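Participant: Whatever this is, show me its structure:
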Amino acid sequence: MSKPKFQFYEVVRVISNNPELAEIQGETGAILGLSEHGDPEYEYGVFIDRDGLLWSVAEHDLESTGIIKQRADFYDDKVSIRVQVDEQGRGTVAD
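Facilitator: Next up, the predicted model:
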C-alpha cells in the first residue's frame, strides 16, 4: 500500500464532482480520520469547518491547502472521563 497523501490535522479542500459530496464542494476542513479504502487510495474523515461535521472523503476528492493544525485545535486533553465495562462489553460513564 502506498503512503497516505495527507496527514492528520492537515487542512484540505474538497474538490469533487461526486454528487454525494456536492454539499461540501469547495469547503475546507481538517483530516481527523484515516482508513485504507483500497489500493492505492485512502479514505479520510474530514472535519468540515463550516458545519462542524465529519465527512468521509476519498483521497482523490481532496487537495491540500498547505496548512497543518495541531491536535489541541480539535481535542481538549485536559478533560477525561472514566468508563466502566460490564461482562457484555457495554460501557457506562463511571463516577
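Participant: In the chain, where is pLDDT below threshold?
Facilitator: Counting by pLDDT under 70, the chain shows low-confidence ranges at 1, 37-39.
Participant: Strands of that one, start to end?
Facilitator: Using DSSP state E, the strands of the chain run over 10-14, 28-38, 41-48, 54-58, 62-68, 83-85, 91-93.
Participant: and of those strands, who's closest to K3?
Facilitator: strand 41-48 (9.1 Å; CB to CB). For every residue, glycine as well, the C-beta is placed using N, CA and C.
Participant: List the buried residues in the closest one.
Facilitator: Residues of strand 41-48 classed as buried by neighbour count (16 or more other CB atoms under 10 Å): 42-48.
Participant: which residues does the residue nearest to V57 when sequence neighbours are not counted contact?
Facilitator: Across the structure, with CB to CB, 6 or more residues apart in numbering as the measure, the residue nearest V57 apart from its sequence neighbours is V46 (4.9 Å). Contacts for V46 were tallied using CB atoms under 8 Å, 6 or more residues apart in numbering; they are 12, 14, 29-32, 54-57, 62.
Participant: do I67 as well
Facilitator: I67 sits next to 10-11 when contact means CB under 8 Å, 6+ apart.
Participant: returning to what we had before: could I get the strands of the chain in JSON lines, plus columns for distance to Y75?
Facilitator: Listed next are these as JSON lines, based on distance: least, CB to CB, whole Å:
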{"stretch": "strand 10-14", "distance to Y75": "16"}
{"stretch": "strand 28-38", "distance to Y75": "9"}
{"stretch": "strand 41-48", "distance to Y75": "11"}
{"stretch": "strand 54-58", "distance to Y75": "13"}
{"stretch": "strand 62-68", "distance to Y75": "15"}
{"stretch": "strand 83-85", "distance to Y75": "17"}
{"stretch": "strand 91-93", "distance to Y75": "18"}
